[in-house]
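Asker: okay, predicted coordinates and the sequence, questions at the end:
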Amino acid sequence: MDNSSQDSVDRREAGEKMAGDRLVYVLPQELMAGRREEEIDLLGLAATLWRRKWMISIITGVFVVIAVIYSLLATEWYRAEVVLMPAKDGGAAGIAGRLSGLAALAGIDIGSSSSNDGLAVLKSRAIAESFIEELGLLPILYSEQWDPEAKRWRSNAPDEQPDMRDAVQYFDKTIRTVSEDPAMGTITVAIQWTDPELAASWANAFVSHVNEHMRLRALSEAEANVTYLKTALSETSVLTLQEAISRIMESEMQKLMLARGNDEFAFRVIDRAVVPKQRFKPHRTLIVLLAAVLGGMLASFVVLIRYLAEIQKSSVRPGGY
């Protein structure tokens with residue numbers, strides 16, 4: 001009994017071992033078959049791309065030709081830049097800072113302008129509108145709609161004629177760019193236009209226009225403050241108040257002198273704009289390179305779709321099974 005039991009146990013263990021062996025060898029064979037199929041698919045795809053290389057080259061070439069034609073026909077834009085630094089009127093600013101409290105009590109604003117105020121004016125739509133009006137830029141900005149001989153718009157319909165709102169929006173989004181370099185303390189005003197000489201001329205004129213605008217505004221405010229302070233001084237008999245008003249008037253008189261004799265009142269020009277020799281856009285090389293990449297990717301995608309369609313078609317047996 002013991003021998004027969006031992007034999008049955010041995011046979012059972014041998015059977016389990018053989019079954020285990022079969023499991024061990026069956027799974028790797030399936031995995032290897034899948035890997036071979038993947039390798040075949042990749043090799044087939046590579047071979048298909050190589051066979052279709054002329055189609056890929058033609059599609060890529062068409063994209064490149066279109067990009068070259070576009071970049072050559074596209075309007076050339078030029079960029080002129082003026083580098084500025086906020087003007088520092090240390091004497092007047094120092095007195096104004098010390099007397100700001102007294103001025104507030106007196107009911108006037110002696111001004112505490114900063115570089116941020118000037119930067120805001122440079123970027124403002126109001127200064128853009130006044131600049132366009134001063135130079136009469138509407139016919140130039142919309143030259144295609146302007147009849148230079150008749151000196152009027154080609155269309156008689158008011159809705160089809162550009163107005164100041166259109167011009168300011170166009171100037172603000174396309175032509176003027178203002179950037180600040182906090183590390184250097186400088187401000188760069190850039191003008192982009194299709195004529196390089198006009199771009200440089202407008203850039204310099206725009207900075208002069210802003211300086212003049214801020215100078216006249218400061219002059220008007222200081223004159224109004226001086227007039228008010230003179231009246232207040234004549235109406236008071238308190239000695240301390242008279243002294244305070246006199247010091248505030250001194251500050252305002254310094255502002256008047258600075259505003260009357262300083263063309264670079266708000267911004268000091270570090271580098272004036274010069275006529276640019278190189279176009280700012282279009283970037284022809286970049287356009288052609290992007291077109292080549294996109295064309296090659298599109299052509300390869302088309303080849304891939306056709307390759308997958310052929311595989312799916314060949315894998316379907318007659319009868320649908």
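Answerer: Received, thanks.

Asker: A224 sits in which helix or strand?
Answerer: Per DSSP states H and E: A224 is located in helix 196-235.

Asker: mind listing what's buried along that helix?
Answerer: 196, 198-211, 213-215, 217-219, 221-222, 225-226, 228-229, 232 (16 or more other C-beta atoms under 10 Å). All C-beta atoms are positioned from the backbone trio N, CA, C, and that covers glycine.

Asker: stretch 132-141 now?
Answerer: Quick answer for stretch 132-141 (16+ other C-beta under 10 Å): I132, L137, L138, L141.

Asker: again, but for stretch 185-195
Answerer: So stretch 185-195, judged by 16+ other C-beta under 10 Å, has buried residues T186, I187, T188, V189, A190, I191, Q192, W193.

Asker: what pLDDT does the last one get?
Answerer: Spelled out, that is W193. pLDDT recorded at W193 is 97.

Asker: for the fifth one, same thing?
Answerer: Taken from the predicted model, the pLDDT recorded for A190 is 97.

Asker: confirm it sits in a strand?
Answerer: Yes: residue state for A190 (DSSP: H, G, I helix; E, B strand; the rest coil) corresponds to a strand.

Asker: average pLDDT across the helix or strand hosting V68?
Answerer: In the assignment (DSSP H and E), V68 maps to helix 53-73. Averaged over helix 53-73, pLDDT sits at 90.

Asker: and the next helix or strand after it, which strands flank it?
Answerer: Next along the chain after helix 53-73, taking DSSP H and E as the criterion, comes strand 78-86. Paired neighbours of strand 78-86 in the sheet (DSSP bridges): strand 186-193 (antiparallel), strand 267-271 (antiparallel).

Asker: can you map out the helices along the stretch 1-150 of the chain?
Answerer: Listed in chain order, the helices of the stretch 1-150 of the chain (DSSP state H, counting those that start in this stretch) span 2-51, 53-73, 90-106, 115-123, 125-135, 138-141.

Asker: comparing the ones you listed, which yields the minimum mean pLDDT?
Answerer: helix 90-106 (a mean of 49).

Asker: which parts of stretch 261-278 are buried?
Answerer: In stretch 261-278, counting by 16+ other C-beta under 10 Å, buried: F265, A266, F267, V269, A273, P276.

Asker: average model confidence for that stretch?
Answerer: On average, the pLDDT along stretch 261-278 is 91.

Asker: that one: how far from the chain's middle?
Answerer: Distance of stretch 261-278 from its chain centroid, counting by C-alpha atoms, centre = their mean, to the nearest Å, is 23 Å.

Asker: tabulate the CA atom coordinates of that stretch in CSV.
Answerer: The C-alpha coordinates for stretch 261-278 follow below in CSV (Å, rounded to 0.1, in the frame of the first residue of the first chain):
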residue,chain,number,x,y,z
GLY,A,261,12.6,125.9,-20.3
ASN,A,262,12.9,122.1,-20.7
ASP,A,263,11.9,120.3,-23.9
GLU,A,264,12.6,116.9,-22.2
PHE,A,265,10.4,117.6,-19.3
ALA,A,266,9.1,114.1,-18.5
PHE,A,267,11.6,111.9,-20.4
ARG,A,268,15.2,112.3,-21.3
VAL,A,269,16.1,110.7,-24.6
ILE,A,270,19.1,108.3,-24.3
ASP,A,271,19.0,106.9,-27.9
ARG,A,272,17.0,108.5,-30.6
ALA,A,273,15.3,106.3,-33.2
VAL,A,274,17.3,105.8,-36.4
VAL,A,275,16.0,104.5,-39.8
PRO,A,276,16.1,100.7,-39.5
LYS,A,277,17.9,98.9,-42.3
GLN,A,278,16.6,95.4,-41.5
